[in-house]
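A.B. asks: model this:
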Amino acid sequence: CIKIDPAFVKGYHRKANAEFLLGEYDASASTIREGLRVDPAMADLTRLLRKVKAKKSGSAAAVRRSAQAGTSGGGADPGLRREMEELNEQYQATAQEMAEVKAKLDSLAKERRRCDLTRDEVSRTTRR
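C.D. replies: Sure thing, here's the model as predicted:
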């Protein structure tokens, strides 16, 4: 399906997952990277890439220890550390966007209340 529509990111995930399940870890990682070039924010591809790296390293426990060391400031895998920094930046940007959207919604709610009051007042004055 990615041959037909290279922008179909789920297709990359499906292909990479199939390659992963077949034990073709290098091919899976390559497909994931192609998909991440199309949509760098697709969390499913990022998670699958972590699984591929864990399988390739031979030990998921080693990856967990590395991730824990990264959160405590130890010598974690530079790729994992970079990924965590990017995720943190995305989280902060999303939190800021959420705050802006909330402020806009609050402003629109106040404006709606003002419009409702004005409409009610106009209705009362035209009835007299």
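A.B. asks: Next SSE downstream of the lowest-mean-pLDDT helix or strand in the chain?
C.D. replies: One helix or strand of the chain scores below all others by mean pLDDT, DSSP states H and E: helix 60-71, with a mean of 53. Next helix or strand after helix 60-71 toward the C-terminus (DSSP states H and E): helix 78-127.
A.B. asks: and that following helix, what other elements does it pack with?
C.D. replies: The elements that helix 78-127 packs onto, with contact taken as 3 or more Cβ pairs under 8 Å, 6 or more residues apart in numbering; DSSP states H and E, are helix 43-57, helix 60-71. Placement of C-beta: from N, CA and C, glycine included.
A.B. asks: wait, doesn't K56 sit right on E24?
C.D. replies: No: checked against Cβ atoms under 8 Å, the pair K56 and E24 is beyond contact range at 11.0 Å.
A.B. asks: So those two - more neighbours on which side?
C.D. replies: Higher neighbour count among K56 and E24: E24, with 15 against 12, using other Cβ atoms under 10 Å.
A.B. asks: Tell me the spacing between the more buried one and I32.
C.D. replies: Distance, E24 to I32, using Cβ to Cβ, to the nearest Å: 12 Å.
A.B. asks: can you check P6 too?
C.D. replies: Taken as Cβ to Cβ, the span from P6 to I32 is 15 Å.
A.B. asks: What of D26?
C.D. replies: In terms of Cβ to Cβ, D26 sits 11 Å off from I32.
A.B. asks: and the two? which has more neighbours close in?
C.D. replies: Counted by other Cβ under 10 Å, D26 and I32 do not tie: I32 has more neighbours, with 28 against 10.
A.B. asks: Quick check: pLDDT value at the more buried one.
C.D. replies: We have a pLDDT of 95 for I32.
A.B. asks: Kindly report the same for M98.
C.D. replies: At M98, pLDDT is 88.
A.B. asks: can you check the one 4 residues further on too?
C.D. replies: The per-residue pLDDT reported for K102 equals 90.
A.B. asks: again, but for T46
C.D. replies: 92.
A.B. asks: Much appreciated, bye for now.
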